[in-house]
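In: sequence first, then the predicted structure, then my questions.
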Amino acid sequence: MQQQTAQSSAIVGIAERIIFHNADNAYTVLNVTIKDSTLSLEDEINVIGLMPNITEGEEYEFIGQLIEHPKYGEQFKVSTYKKKLPSDYDAVVKYLSSDLFHGVGLKTAQKVIESLGNDALERIYNNEAVLEEVNIKDTLKTTIYKGIVENRATQDIMIQLNEWGIGPEASVKLYKTYKEETVARIQENPFRIVKDVRGIGFHTADKLAQNMGMSYDHPERIYAGLIHTIDQFCHQEGHTYITSFEWVMLTDELLDLSNDESLYKEHILQLIERQDIFQDEDRYYIPQLYYAERRASKLLRQMVEDEQHVESGFDQSHIEETIGELEDELGIEYSSAQRDVLSNFMDHSIVILSGGPGTGKTTVINGIVNLYLRLTDAPIELSEYDDEEDFPIRLCAPTGRAAKRLNETTGLMASTIHRLIGYGIDSSETDELDTEINAELIIVDEMSMVDTYLFYQLLQCIQPGTKIIFVGDEDQLPSVGPGYVFHDLIQSKCFNHTRLDRVYRQQEGSSIVHLAHQMKNGEHIDIRQKYKDRTFIQCHQDEIADKIDWAVSSGISRGRDKSEFQVLAPIYRGSAGINRLNQVLQNRLNPKDPTLNEIKINDDLLYRVGDKVLQLVNRPNDQVFNGDMGIIQTIDDGVVTVDYQGNSVEYQRKDLIEITLAYACSIHKSQGSEFPIVIMPVVKGYYRMLQKSILYTGITRAKESLLLIGEPEAFNIGLSNNNIVRYTHLSEYIKEQFKAVDVNHREYKEQIEVDHDEDDLHEHQDENIARPFVQQVNQNEFENIHPSIGCEEVSPYDFMQK
Ligand SMILES: Nc1ncnc2c1ncn2[C@@H]1O[C@H](COP(=O)(O)OP(=O)(O)OP(=O)(O)O)[C@@H](O)[C@H]1O
C-alpha cells in the first residue's frame with residue numbers, strides 16, 4: 001500500500017456503486033467495499049472527492065482522510081487515488097464486462113480469465129500478444145487491450161499531475177483538454193495551460209513549472225509572465241495598453257528575477273515578432289485591444305465622411321418651428337443647450353450629449369426621437385409599424401437594467417447593446433460581428449459604461465448613413481472593461497458635443513442631485529449635514545453591518561418595502577464588505593423558513609427562494625446580462641430559477657458561480673441602475689476604492705433617499721482622490737484619423753456647447769436664493785438621534801418619509 005503522509009490514510013477497496021457524479025467538476029460520491037485499510041473501519045464506506053474516472057466494480061487504492069459529515073456520518077475524503085488492476089476471478093470478470101469495454105460481455109470476460117488466469121489484466125497490459133491464447137474475435141481482443149492501456153494511462157496522468165502539485169480540480173480540467181496527451185503537452189511547455197484551459201491562471205502554471213523543475217529564467221516563464229502582466233493591467237485595471245517601464249517593473253515583481261531589464265526587453269521583442277503583442281511607440285498592446293482602438297477610430301472617421309451623404313436637407317426654420325410645436329405639446333421650454341442639440345443633430349452623423357444627473361439628458365433623448373419622427377414624417381406610435389424592426393430609431397444601453405430604465409423614462413423600446421449587435425452565447429468580446437443594425441438613428445445611453453471592445457463591436461454593426469448619438473455622464477466611473485471610451489470621444493474634440501450643466505432636478509427638491517453637482521464642481525461639502533432625503537450616520541467600520549441591519553429593519557417597520565433598498569459598497573471583503581453585508585441582509589430580508597427551499601454553495605453562502613440575486617456575466621441567449629438583478633423563484637434538485645422581471649432563467653448548480661446575492665452590491669455593478677433608497681457605507685477601510693468617481697456613481701444611484709453610514713473623513717478622502725488613470729489612446733487615434741478628413745469637424749474644438757448661458761445661470765441662482773432647492777432641516781431636530789439598534793424614538797428614516 002502506498003506510503004501516506006502523517007495525516008493521510010489509505011483504503012483499498014472495490015468501487016461498488018457511484019451514488020453521485022458531477023460530470024462537470026468530477027465530484028463523486030462512491031460506495032466502496034473495503035478490502036484493506038490503514039484505518040479500522042467497517043466493511044464499507046462512502047468515499048467522496050474529485051474522481052473523474054471511476055468504474056463500478058474496479059478496485060482502487062484511495063489516499064485521504066476520514067471525516068465526519070454532520071448529516072451523512074463517517075466518510076473518506078480522497079486526495080488522490082489509483083486504480084488497481086483486479087486480480088481475482090469475479091473482479092476481473094466484472095471489470096472486463098463493464099462499460100469500459102464496448103462489446104465485451106460476461107461470456108467473453110470469463111473466456112479471457114479462464115485462458116489467461118487471475119492475473120490476465122496485468123499480462124495483457126504487458127504484452128498484447130497473450131490475447132492470441134484466447135478464443136475470441138480479433139476486434140474484441142483489440143478493444144480489451146486498448147481499454148486496459150487507456151484506463152491505466154488516465155490514471156497515470158492523474159497521478160503525475162498530483163505529483164506535480166496540481167489539485168484534483170485543475171487536473172480534471174487539464175485532462176479534459178489534452179486527454180491522453182496531457183503529460184506530453186505540459187512537459188513541452190507548462191505555461192501553455194494558461195492559454196488553453198479556461199479557469200487556470202499563471203500562478204497554477206508557475207507552480208506546475210517549478211515542481212517540474214523548470215528554471216526561474218526559462219524563456220517560457222518570462223513570456224508567460226509578460227503576457228500575464230499586460231493581461232492583468234488591461235483587464236483588471238482597465239487600460240488598453242502598457243508602457244515598457246511599467247511592463248518590465250510589474251513583470252519583474254511577478255517573476256522575482258534579477259530585475260534585468262534587457263532580459264525582459266529581449267523577450268518583449270520576441271512577443272512582438274510572434275505578433276502576440278503589438279507595439280506603437282512606447283505603447284504595448286494585446287492585439288485585440290490594439291485593433292479595437294485603431295479600427296474604432298477608422299470607423300468613426302468613415303461615419304463622418306459619410307455625413308455629406310446624410311445631410312438632413314431640412315430647412316433650419318422648419319426644424320426650429322417643429323421644436324416650437326414640440327415645446328407647446330410637451331409644455332416644456334428647452335434650455336439653449338438642449339435646443340442646440342435638437343437643432344443640430346440632423347446635420348451630424350455623430351453627436352455627443354453629456355451631463356450630470358437631472359440635467360435633462362432623457363428629456364433631450366425624448367425630444368430627438370419626437371423631432372426625428374416628425375421631420376421625417378414617420379409614424380410616432382410603434383403600433384403603426386408592421387414590424388417593430390421598421391421603427392427607424394434604436395435606443396440602447398450597455399446593461400439590461402440601464403436599457404430597462406431607458407425604456408421606462410422615455411416610454412420607447414430600448415434594448416441592450418449586446419442584443420442590438422446580435423451578441424450570442426458563443427460570442428466573445430473580441431469577435432468581429434457582422435450584424436447589420438437596420439436603423440436610421442441609434443441613441444446609446446450610459447455611454448460611460450461602454451468599454452473599448454463593446455464600442456468597436458457596436459461600430460462594426462452600424463450601416464453607412466446611420467446617425468448615432470452617445471449620451472452619458474462623464475463624471476461617472478469608467479467602464480469595468482478596458483478603455484475610457486466616452487471620455488476619449490469627448491477629449492478628441494472631433495465630434496459635436498453638448499454638455500448640459502443646468503440642473504433641473506434640483507428644482508424638484510433633491511439634495512442628492514445637489515450633492516452630486518457639488519462633487520462634480522469640487523465644492524466644499526459638509527457631508528454630515530442632514531436633509532429630508534439624505535443623511536449621514538457616523539459609526540466605526542466594525543459597526544457598519546449592524547447599523548445597516550438596523551436601518552433596513554426600521555425602514556421596513558415604517559412602511560418601506562424591502563425591494564426599495566439597495567446597499568452599495570466598493571469592496572467585497574472585510575467587515576464592511578459586500579459579502580458580509582449580504583449575509584446580514586439575507587437574514588433580515590429573507591430569513592430561514594422551513595417552507596422555503598435552499599441550496600448551500602459553501603460555508604458562507606447559501607441561496608434561498610425569494611433571495612435577490614445579481615447576474616455577474618453576460619448570458620445573451622437568456623437575455624440576462626452582467627449587472628441584472630432578479631429574484632430566486634424556485635430551487636429544485638439543484639436547479640435554481642431566477643425571475644428577471646418576467647424573464648425566468650434556470651441555473652444548474654455548476655452555473656451558480658454566475659450569480660451572487662444582491663442585497664448589497666458593488667458600486668461598479670450598480671452603474672446604469674437607480675434605486676429608491678440607497679444605503680452606502682463609507683469607511684477608511686475601503687482604502688484605494690475611496691475615489692470620487694466611485695462615490696459619485698454610488699450616490700447618483702439614489703432616486704429618493706440616500707443614507708450614508710460610516711466615517712465622514714473617509715468621504716472627504718474619497719472626494720480628494722480624483723485621479724482616474726486609464727492608459728488609452730483612442731482619443732489620439734481619432735484625432736489622427738480626423739486630420740485626414742476634409743470636413744469642418746475640427747471646429748468642434750471651439751464649439752463645445754456648455755449651458756453656461758449667463759442669463760440662465762443668474763436666473764437659476766436667483767431661484768435658489770428665493771426658493772432653496774434643498775430643504776435644510778433644523779439641526780436641533782437631529783440632535784437626539786443616536787443611531788443605535790433598538791432606538792424607537794427617532795430613525796434615520798425620518799429623512800425618507802414620502
Ligand atoms: N428644459 C426643461 N424645462 C423644465 N424641466 C426640465 C427641462 N429639462 C429637463 N427637465 C426636467 O428635469 C428633470 C430631469 O430631467 P431628465 O430626467 O431628462 O434628466 P437626466 O439628465 O436624464 O437625469 P438622470 O441622468 O438623473 O436620469 C425631469 O423632471 C425633467 O422633466
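Out: Cool, the structure landed.
In: and the residue in the stretch 551-700 of the chain that the ligand sits nearest to, how many residues sit next to it?
Out: Nearest residue of the stretch 551-700 of the chain to the ligand, counting by Cβ to the nearest ligand atom: T700, 6.8 Å away. For every residue, glycine as well, the C-beta is placed using N, CA and C. Neighbour count for T700, taken as other Cβ atoms under 10 Å: 26.
In: show me what counts as buried in the helix ranked longest in the chain.
Out: Identified as the longest helix of the chain according to DSSP state H is helix 138-163. Residues of helix 138-163 classed as buried by neighbour count (16 or more other Cβ atoms under 10 Å): 140-141, 143-145, 147-148, 151, 154-155, 157-162.
In: check what pLDDT whichever residue of the stretch 101-250 of the chain sits closest to the ligand gets.
Out: In the stretch 101-250 of the chain, the residue that lies nearest the ligand is G238 (22.6 Å; Cβ to the nearest ligand atom). At G238, the model reports a pLDDT of 94.
In: count the neighbours of it for me.
Out: By the other Cβ under 10 Å criterion, the neighbourhood of G238 contains 22 residues.
In: wait, isn't E122 in contact with K84?
Out: No. If you go by Cβ atoms under 8 Å, E122 and K84 don't touch, sitting 10.2 Å apart.
In: domain parsing for the protein?
Out: Listed domain ranges for the chain are 9-163, 190-289, 298-500, 511-710 (source: the TED database).
In: related to what we said a few turns ago, how about the residue of the stretch 101-250 of the chain closest to the ligand, what does it touch?
Out: D451, P478, S479, V480, G481, P482, G483, Y484, R726 (Cβ atoms under 8 Å, 6 or more residues apart in numbering).
In: go ahead and confirm S244 touches Y284.
Out: Yes. Contact status for S244 versus Y284: in contact at 6.6 Å, counting by Cβ under 8 Å.
In: higher neighbour count, these two?
Out: Y284 (22 against 16).
In: what's the helix or strand hosting that one in contact with?
Out: Per DSSP states H and E: Y284 is located in strand 283-285. Contacts with strand 283-285, where a contact means Cβ under 8 Å, 6+ apart, come from 230, 240-244, 247, 268, 277-279, 293, 727, 729.
In: please redo it, this time with the cut-off set to 10 Å
Out: Residues outside strand 283-285 that contact it (Cβ atoms under 10 Å, 6 or more residues apart in numbering) are 226, 230, 233-234, 239-244, 246-247, 268, 271-272, 277-279, 290-294, 727-729, 732.
In: circling back to that earlier point, now do the SS call for the residue of the stretch 101-250 of the chain closest to the ligand.
Out: Under the three-state scheme (DSSP: H, G, I helix; E, B strand; the rest coil), G238 adopts coil.
In: how far does the helix or strand hosting E325 sit from its chain's centre?
Out: Using DSSP H and E, E325 maps to helix 316-330. The chain centroid and the centroid of helix 316-330 are separated by 43 Å under Cα atoms, centre = their mean, to the nearest Å.
In: what residues of it count as buried?
Out: Buried, per 16+ other Cβ under 10 Å, within helix 316-330: I319, T322, I323, L326.
In: measure the last one to Y504 for me?
Out: Applying Cβ to Cβ, to the nearest Å, one obtains 17 Å for the distance of L326 from Y504.
In: likewise for the second one?
Out: In this view, T322 and Y504 are 22 Å apart by Cβ to Cβ.
In: again with the first one
Out: If you measure I319 against Y504 using Cβ to Cβ, the figure is 23 Å.
In: do P712 as well
Out: Per Cβ to Cβ, P712 is found 29 Å from Y504.
In: more neighbours: which of these two?
Out: Taking neighbours as other Cβ under 10 Å, P712 and Y504 compare with Y504 leading, 18 against 15.
In: the more buried one contacts E333, correct?
Out: No. Assessed by Cβ atoms under 10 Å, Y504 is found out of contact with E333, at 11.2 Å.
In: which residues sit in contact with I442?
Out: 393-396, 417, 420, 458, 461-463, 466-470.
In: what subset of the residues you listed is also close to the ligand?
Out: Checked against the ligand using Cβ under 6 Å from any ligand atom, the contacts of I442 give no members in range.
In: list only buried entries from the residues you listed.
Out: Buried among the contacts of I442 by 16+ other Cβ under 10 Å: 393-396, 417, 420, 458, 461-462, 466-470.
In: return the distance of L30 relative to T154.
Out: Distance of L30 to T154, computed by Cβ to Cβ: 16 Å.
In: what about G400, neighbour count?
Out: 27.
In: would you map the strands across the stretch 401-550 of the chain?
Out: With strands called from DSSP state E, counting those that start in this stretch, the stretch 401-550 of the chain shows them at 414-416, 441-444, 467-472, 496-500, 534-538.
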